[in-house]
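S.K.: Next input, structure requested:
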Amino acid sequence: MKVWYDACTGKHIRYGVAVARKLRVLGHEVFLTTRKHPDTLPLAEFLNEKFIVAGKYNPESLLTRLKEGTRRQLMFCKIFEKETPKVAISHGSVDLCRVAFGLGGKVITTVDTPYAEAVNRLTLPLSDYVVISKAIPKESLQVYGVKGEIVSFNGVDEVAWIKNFKPKVRFDFGKPLIVVRQIEEKAVYTEKAVDIISLAKKLTKLGKVVFLSRYNRKTVKELIIPKGFVDSASLVAQADLFVGAGGTITREAALQGTPAIVVNAFQQQYVNDFLMERGFPIVKVDPSEVVKTAEELLSKKHNVRRLLDKLENPVDIIANIVEKLAVSRSC
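M.R.: Next up is the predicted model:
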């Protein structure tokens, strides 16, 4: 069966590749698309997967977002003019959901940010299946008009690529190594402004600080800012501490035993709380407490293999849904 996965960010690239490789083993044809974005194309190349590029990421204003999204949808209409995918999967791609729904395909959406109101309002009502971590209360998504089936799994999305992950790159930034991720300031759901660069500079008294920028890679005194692509999963596996706002790299770190500090900037941190309760090294603090907490956690790596083995892989859940849809089509 022809399956389409659209990846809008680096996280989606990793997720899409994990899903595609599983589905191909099961005999499905998987078509991968993405957009030009600082994190997408380099990661796709690094993972040795071919993605069709449609459109670009342009968060300058609501109008630029709308224009680029509309362009992408028209591109997808052209791509699928002769043969449409029977199943479309994404981690909240507005453009995929609209096009797949319009073409009569089944839509599977994964979600881990119930506070992302704009995206959820535009994707969840069009989804036939919504796959979420057990951490997320179903009622937190029902407010968006979900009509499809909500399927929960005992894990988090990042398990999809961390479960059997082995670092592919060795870094030599020095020790102790602290990785700081820039907060997603341009996301429409960001609640609280945090001067993450100032925090990163304060952490330099504790060790070498690698600052992973989201929007530009300008030189900042005292910080190590990689100019090109960096495999974040490999980097945090080798780090002694991670600091961020609680997003993907936070969980990539914690799932590999690296202590992760979450700077409170977003509401409803269900998935991080879920991992904390199960013993993974995540600590949530206000900006004023970051340095003190970093001193306490630095270099205290955890062996989380047994904890990780207990978590369910969402790729298996998605594959089961696709298999079920394939059987129903053949009947």
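
S.K.: Check which residues of the longest strand along the chain are buried.
M.R.: The strand spanning the most residues in the chain, taking DSSP state E as the definition, is strand 29-36. By neighbour count with 16 or more other Cβ atoms under 10 Å, strand 29-36 contains the buried residues V30, F31, L32, T33, T34, R35. Just so you know, the C-beta spots here come from the backbone N, C-alpha and C atoms, and that holds for glycine as well.

S.K.: Let me know the closest of those to V210.
M.R.: For the buried residues of strand 29-36, the residue nearest V210 by Cβ to Cβ is T34; the value is 25.1 Å.

S.K.: thinking that closest one is in contact with R14, fair?
M.R.: No. Using Cβ atoms under 8 Å, T34 makes no contact with R14, being 11.6 Å away.

S.K.: those helices in this structure, which residues are they?
M.R.: 10-25, 40-46, 62-79, 94-102, 117-123, 139-142, 159-162, 196-203, 232-238, 248-254, 270-277, 290-297, 305-309, 314-330 (DSSP state H).

S.K.: just to revisit the earlier point, now the buried residues of strand 29-36 in a markdown table, with pLDDT?
M.R.: Below are the buried residues of strand 29-36 laid out as a markdown table (pLDDT from 0 to 100):
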| residue | pLDDT |
| --- | --- |
| V30 | 98 |
| F31 | 97 |
| L32 | 99 |
| T33 | 99 |
| T34 | 98 |
| R35 | 97 |
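
S.K.: Point out where the stretch 101-250 of the chain drops to low pLDDT.
M.R.: Filtered on pLDDT under 70, the stretch 101-250 of the chain yields the residue ranges 185-193, 215-217.

S.K.: ok, so what distance separates G246 from T109?
M.R.: As judged by Cβ to Cβ, to the nearest Å, G246 and T109 stand 21 Å apart.

S.K.: out of those two, which sits in the busier spot?
M.R.: T109 (26 against 22; other Cβ atoms under 10 Å).

S.K.: ok, now how distant is the more buried one from E60?
M.R.: 26 Å.

S.K.: for G207, same thing?
M.R.: According to Cβ to Cβ, G207 and E60 sit 35 Å apart.

S.K.: Same question for L298.
M.R.: From L298 to E60 the distance is 38 Å (Cβ to Cβ).

S.K.: Kindly reformat the buried residues of strand 29-36 as JSON lines and extend each row with distance to I162.
M.R.: Shown next, in JSON lines, are the buried residues of strand 29-36 (distance: Cβ to Cβ, whole Å):
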{"residue": "V30", "distance to I162": "21"}
{"residue": "F31", "distance to I162": "25"}
{"residue": "L32", "distance to I162": "20"}
{"residue": "T33", "distance to I162": "24"}
{"residue": "T34", "distance to I162": "21"}
{"residue": "R35", "distance to I162": "24"}
